[in-house]
Structure formats: structure tokens, C-alpha cells
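Undergrad: Following is a predicted model, sequence given first.
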There are 2 protein chains.
Amino acid sequence: MANSSPVILVLRPSDPDADLRTPPGLDELQDSAEIRFTTASEISENIAGVDALFLWDFFSGALQDAWPHADSLKWIHVAAAGVDKLLFEELNNSEVVVTNAQGTFDRPIAEWVLGAVVAEAKDFAGNYRYKDQKIWQHRETKQVQGSKALVIGTGAIGREIAQLLSAVGVQVRGAGRRVRENDEDFGDVLLSSELTEHIGWADVIVNAAPLTPQTTDMINAEVLAAVKPGAHFLNIGRGESVDQPALIEALRSGPLGFASLDVFDEEPLPDESPLWDMENVLISAHMSGDVLGWKHSLAQQFTDNARRWLRGDELNNVVDKAKGYVPRH
Amino acid sequence: MANSSPVILVLRPSDPDADLRTPPGLDELQDSAEIRFTTASEISENIAGVDALFLWDFFSGALQDAWPHADSLKWIHVAAAGVDKLLFEELNNSEVVVTNAQGTFDRPIAEWVLGAVVAEAKDFAGNYRYKDQKIWQHRETKQVQGSKALVIGTGAIGREIAQLLSAVGVQVRGAGRRVRENDEDFGDVLLSSELTEHIGWADVIVNAAPLTPQTTDMINAEVLAAVKPGAHFLNIGRGESVDQPALIEALRSGPLGFASLDVFDEEPLPDESPLWDMENVLISAHMSGDVLGWKHSLAQQFTDNARRWLRGDELNNVVDKAKGYVPRH
């Protein structure tokens, strides 16, 4: 073990039986780096002398607690698209570069959204409900083509969603931090700070925004009161972007018609949540992006970036820590 | 009422409270035709002297029984895509022209298929099952992009399905009566008489074929035994094209993984059908094409064709009675 090799610390699950506890492909890096392992509870003891940290496992505030010991840290790679749970002030103010898993989840999440949009239009929820009761019940359903979708969040995931929905004849607009016209994916991009004004246009509303101070509670009671009666709300961003009690109320008493939710303000969704019992809700366990092989893709994305880092090349997917996401080029 | 006016007989539901019992828009035809009404049970008494018959209501063998009284009939328009329940030998051998509702259902059915394909890949059935039990259960799901779909039936509905699936990155092939290469929608079209040989290629198998002697029981135990393990079978054609006991067996013991069924060999699906209790089945009440406004579209399609007929123009959607469907131009 050469003292001069950069040190990469891999945060992995504490459960020794966890599926793919150790990310595959690290051996490719062993000639040029020293690989160490830790778990969230031991990160304070293991972060001294570490040059790069790979957050392979889910994490909470562990890194913030360990921060005073991070004496050589230059780069953190997160095997997730959202970095909201990672960022804290000392990290944001430091020179440490943060990269994420942007790209891996775009297509799977966009497919999930497409499927949920069509499933709602065709009332698949009703199919399962009637099936449980062995009831043959003909209904008239909705056409997807020509319906209108507002995608909140104009990052890579929002763009992939816009492309897939457009491909099947849905009319799409975006909502983001800046107004744009003639955007290649959205056409019009409206201000997500003015949702109340714009949201009534849409039959389908998709939250694909990262969680930032601006997007926290962005979809609140006032916004929800302004949706088109019967509209379908989908959330694949973060639960905290939505005022969940207001969402439940809008699903119970209108104007919302249906919600397809992959993320929640508390996960796992607690037993006592009224959402479990609501007929007009699809619940998915924060898995819309997790297709078979996703962990291998995430590991591959890290080793690709690590090779760039070891060569001194520019890193992929560098997060703008002030913004809280990877800005579009 | 001029004796010279052609007579159009409209077969409508016997229930006086049926939704849209009388097709809208017939008044547009009243200057140039005499409109009469009947129900299925009274058609024998009402068909004499009738020039055109509009089957607005569902029908069974009523017309065959009334056939000896059909002394002036020249044209039958059916407000449905499948004409298998209409055609009989005397009609087939007659000069009477049959037209159908081709076109109205293409896009809605294709959307239903797309939704069911994505819903299966993302295990929405599991979402509803876990929701009933308030279980938060993360799973890895399948990517739709790059999967392979064999669409059996290369008519208008099959083509619309191929287009929508291709639009979201599914690799599509067709199966039909004639081999074709470089087909604009399917690329390769294989023989539907050789399904056993070709079906193992597909992750997704869609039956969109009309019911004819050739397609009756086409998807039998031998064909089902040859599917790729875990494959998803969808039926939006006719239930009689599938050996339903063999389908149930292939869903129970493999190799089929899932079935999304909108049509059945007996409809409504009887209470005692094992399909109701099977977790890997989506059941829809023969409604995949019936979007809001579908009845207005069907009525409009008839009045458009009736105007052509009254003017002596060529009719749209003329069924090849020997083949049992509208051939492609």
C-alpha cells in the first residue's frame, strides 16, 4: 500500500447480508487508489486521510457529524439523483466537489410517469378494485393523446418525462426557475414560483423538481386549489415539495382527481397515513427509478467518474451546491 | 315522407333508459332518408323494405334469423371494430356491403396496450396489492425501452399499437397472414400460423387480430409453452383467439408471467373464472377502446358514411366478408 495513493472511502450498508453491499467493479480502481470501507455509524472514525467518499448506501446526517475529521476530502460521489439529504452549510462552503447519479434514473422514472399517466386515464386502479370483488363493470375512460401535462422541474428527469409524454401525443409545458420559450423539450417553461397562476391549464401535473428551499412545500393548499377539477398529480421528486395534508384534502374533497406517488414526506409511508386507504391514489415505495440492474449502473457510474478523477479529468455530474442539483449545460 | 327516400333502419337498445339509446346526428340525414328504429328482438318484423341497417346496439344472431325478410338490404354499418359476431354465410354470399367502425378504437386501444405494458414492467399490480395491506415494499422493476413486443394482427389497431410502442423505445415485430420485411410499422412481419416458432423472441405479446377461422384458438397450449419465461401477454382482440384454459395454466405454472386482458371467451367474465383470483392478471371489462365520447364518434362515423352512401360515393371501412375485416389498402 503506497502512501501516495489517493484514498477512496466507500460508505456501504451495515447489514453484512445486504444485496450488493460492496459496489461491483471497485477492483478496477485498486491499482491507482486505496479503497477503504465504512458504514454510516463509523464514518467519523474512518474519514481522516480520505480523499474521496463514495456514498453507496443511503445516508442521513452522518457526514455532517463527521465533517470535523474530514481533513483531506476533495470529492464526494452520491449514488442517488437527489442530494438534498447530503448537503449542509460546511460542505457547501468548502472546496469539496459533489457529484451525483444523474442520468441513471432518468429513463426509468420517465417510463414510470408515462405508465402512471396512462394507467390513470384508463382507470387501471378501478380494474384492480373491481377485480377484487369479481365485478365486470364497463366504464368510459380518457384519451391520453391531446391531454395537457405540466412538468415541474426542468432538469434531466423532467426533460426525459417531457420527451416520453410528447412521444405519445401529450401536450407538455415545463415549470422551472426561469421563463423560457421554444424550449426543445417543453416549448414553454413557466415559473414554478407562479404555479397557482399556471397549474389550471394541466390535466396532468408531474413534480420532478429537486428538493431545495425554493421547492419545499411548493405544491401547497393554494396551488392545489387552483388545479383543473379531476386533474392527476404525480410525484417522483421529493415528498417534501408537497404539503401532504393539503394533498390529501385535495384528493378527498377535490379538485384533484388522482395522485400517483412514488415519494412521500415520511418514508416508509407510515401505517396511519390516510393515503393507504384512498381509492384515488397509487402508492409506490420510492422505486420509480430502480429498474433491474440499477445498482450495477450506479456502481459503474462511480467507477467511470473515479477513473476521471484519478486521471485529473473533469468530473461528470458536478452538483452546484448552492442550487442543490446538477445545472444544465 | 317520399316513397322514393331510401330507408335506414337503426338497431338500438331495447332499454328505453339506455345511455344514448338513439345515436346523435341522425337528423342530419332526415332530408334524404327515412329513418326507422328497431330492437334486436323485433328486427324480423322491421327489416322488410329497409335499404341500410345501422347496428348501433350490440347484436347477436338477430340478423341471421331476420335474413329471409331482408328484401331490399344493400348496406350494413356496424358500430364496432370486430364483425365476427355479425357475419354468416348468407350475408357473406350476398351483395350486401358491410362497413365497420375501424379507426375509432385504434388510438384508445393502443394507449391501453401501452399503459398495460408499462404498468406490468413497473409492477403497478404489486403496488395495489401492497397498498391493500399497507405494506411499503421496494422492488426492482423492468425497463420498457429495449424490450421486445410481438403484435399479432397487422390491421389498423395492430399498427397503432406498433407505432405507440415504438415511440417509447420498444422493439416491435408483427405477426400476420403474410410474411413482410421492412414494413413501415413492424419492420418484420412473421406468419401468425407459425407463432410457436417465433413467439419466444418477445417479452410482450399482443393479440390484436380479428376473430376469423384462422385466428380462433390461435394462441393455444403449444404456442403458450413456447413463450419466453416471464413474458407478458395482452389481449385486446377477441377472447376466442386464445385457448383460455391453456392461458390460465401458463399463468399458473409458467412460462407466462402476466396477462392484461380486455376480452374473454365468455363476457361478462363468469364469477367462477380462476382469472379473477390470479395476482398476475389485469382484467378490464371489454372497454379498452371506449374513451369518453366514443359513442358520439361512432355515431359521427355512421352519419359520415351514410352521407357518402346517399350521394352514391364509395363507402369508408368496407369489410372483406370472406376475410372478416377491412383489408389494408
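TA: Yep, it's here.
Undergrad: how deep is the residue nearest to A:Gln171 when sequence neighbours are not counted tucked in, by neighbour count?
TA: Take A:Gln171 and drop its neighbours on the chain: the residue closest to it by C-beta to C-beta, 6 or more residues apart in numbering or on different chains is A:Lys148, 4.8 Å away. C-betas here are computed from N, CA, C, even on glycine. For A:Lys148, the neighbour count with other C-beta atoms under 10 Å in any protein chain shown is 16.
Undergrad: Report the secondary structure element holding the most centrally placed residue in chain A.
TA: For chain A, the residue nearest the mean C-alpha position is A:Gly237 (4.6 Å; C-alpha atoms, centre = their mean). When elements are assigned from DSSP states H and E, A:Gly237 belongs to no helix and no strand.
Undergrad: Give the phi and psi angles for it, as a check.
TA: phi -90, psi -100 (degrees, to the nearest 10).
Undergrad: Thought A:Thr216 was touching it, still the case?
TA: No. Shown here, A:Gly237 and A:Thr216 do not form a contact pair, counting by C-beta atoms under 8 Å, at 11.0 Å.
Undergrad: Confidence-wise, which helix or strand of chain A is lowest on average?
TA: Across the helices and strands of chain A, mean confidence by mean pLDDT, DSSP states H and E is lowest for helix A:62-66: a mean of 91.
Undergrad: Against which helices or strands is that one packed?
TA: Under the contact definition 3 or more C-beta pairs under 8 Å, 6 or more residues apart in numbering or on different chains; DSSP states H and E, helix A:62-66 sits against helix A:43-46, helix A:89-92.
Undergrad: highest average neighbour count across the ones you listed?
TA: Of all the helices and strands packed on helix A:62-66, helix A:43-46 carries the top mean neighbour count, a mean of 16, counting by mean count of other C-beta atoms under 10 Å in any protein chain shown.
Undergrad: how about the helices of the stretch 51-200 of chain A, start to end?
TA: Counting by DSSP state H, counting those that start in this stretch, the stretch 51-200 of chain A has helices at residues A:62-66, A:89-92, A:106-121, A:124-132, A:156-167, A:195-198.
Undergrad: contacting residues around A:Val96?
TA: Applying C-beta atoms under 8 Å, 6 or more residues apart in numbering or on different chains, one finds that A:Val96 lies in contact with A:Ala70, A:Leu73, A:Lys74, A:Trp75, A:Ile76.
Undergrad: hmm, 6 Å instead?
TA: Listed by C-beta atoms under 6 Å, 6 or more residues apart in numbering or on different chains, the contact set of A:Val96 reads A:Leu73.
Undergrad: follow-up on the earlier one: so the residue nearest to the centre of chain A touches A:Ile205, yeah?
TA: No. Between A:Gly237 and A:Ile205 there is no contact under C-beta atoms under 6 Å: 11.5 Å.
Undergrad: Could you list every helix and strand in contact with the biggest helix by length in chain A?
TA: Scanning chain A for the helix with the most residues, using DSSP state H, yields helix A:294-311. For helix A:294-311, the elements it packs on are strand A:75-78, judged by 3 or more C-beta pairs under 6 Å, 6 or more residues apart in numbering or on different chains; DSSP states H and E.
Undergrad: Show me what the strand it packs on pairs with in its sheet, parallel or antiparallel.
TA: Strand pairing for strand A:75-78, determined by DSSP bridges: strand A:52-55 (parallel), strand A:97-99 (parallel).
Undergrad: re earlier: let me have the helices of the stretch 51-200 of chain A in TSV, adding distance to B:Phe58 as columns.
TA: Output for the helices of the stretch 51-200 of chain A, formatted as TSV (distance: least, C-beta to C-beta, whole Å):
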stretch	distance to B:Phe58
helix A:62-66	64
helix A:89-92	66
helix A:106-121	25
helix A:124-132	20
helix A:156-167	35
helix A:195-198	44
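Undergrad: Burial-wise, tell me which of the ones you listed comes out on top.
TA: helix A:106-121 (a mean of 27).
Undergrad: what's the angle between that helix and helix A:124-132?
TA: For helix A:106-121 against helix A:124-132, the angle by axes from the mean of the first three to the mean of the last three C-alpha atoms, to 10 degrees is 60 degrees.
Undergrad: list the buried ones in stretch A:27-44?
TA: For stretch A:27-44, the neighbour count (16 or more other C-beta atoms under 10 Å in any protein chain shown) marks A:Leu29, A:Ala33, A:Glu34, A:Ile35, A:Phe37, A:Thr38, A:Thr39, A:Ala40, A:Ile43, A:Ser44 as buried.
Undergrad: next one: stretch A:288-304
TA: By 16+ other C-beta under 10 Å, the buried positions in stretch A:288-304 come out as A:288-291, A:294-295, A:297-303.
Undergrad: ditto for stretch A:268-288
TA: Neighbour-count burial for stretch A:268-288 flags A:269, A:273, A:275-276, A:278, A:280-288 (criterion: 16+ other C-beta under 10 Å).
Undergrad: Contacts for it next, please.
TA: For stretch A:268-288, contacts defined as C-beta under 6 Å, 6+ apart pick out A:109, A:112, A:236, A:248, A:251, A:258-263, A:267, B:127, B:131, B:134, B:136-138.
Undergrad: With chain B as the reference, measure out to A:Val7.
TA: 32 Å (C-beta to the nearest C-beta, to the nearest Å).
Undergrad: Could you do A:Gly237 as well?
TA: 17 Å.
Undergrad: dump the residue contacts of that residue.
TA: A:Asn207, A:Ala208, A:Ala209.
Undergrad: Surely the last one is in a helix?
TA: No. Assignment of A:Ala209 by DSSP: H, G, I helix; E, B strand; the rest coil gives coil, placing it outside any helix.
Undergrad: Just give the nearest non-adjacent residue to it, would you?
TA: Nearest one to A:Ala209, counting by C-beta to C-beta, 6+ apart, is A:Gly153 at 3.5 Å.
Undergrad: quick one: low-confidence ranges for chain A?
TA: Low-confidence segments of chain A (pLDDT under 70): A:1-3, A:329.
Undergrad: Go again with 50.
TA: For chain A, the stretches with pLDDT under 50 are A:1-2.
Undergrad: Which residue ranges make up the domains of it?
TA: Recorded structural domains for chain A (assignment: automatic domain parsing) are A:7-103+A:292-311, A:106-283.
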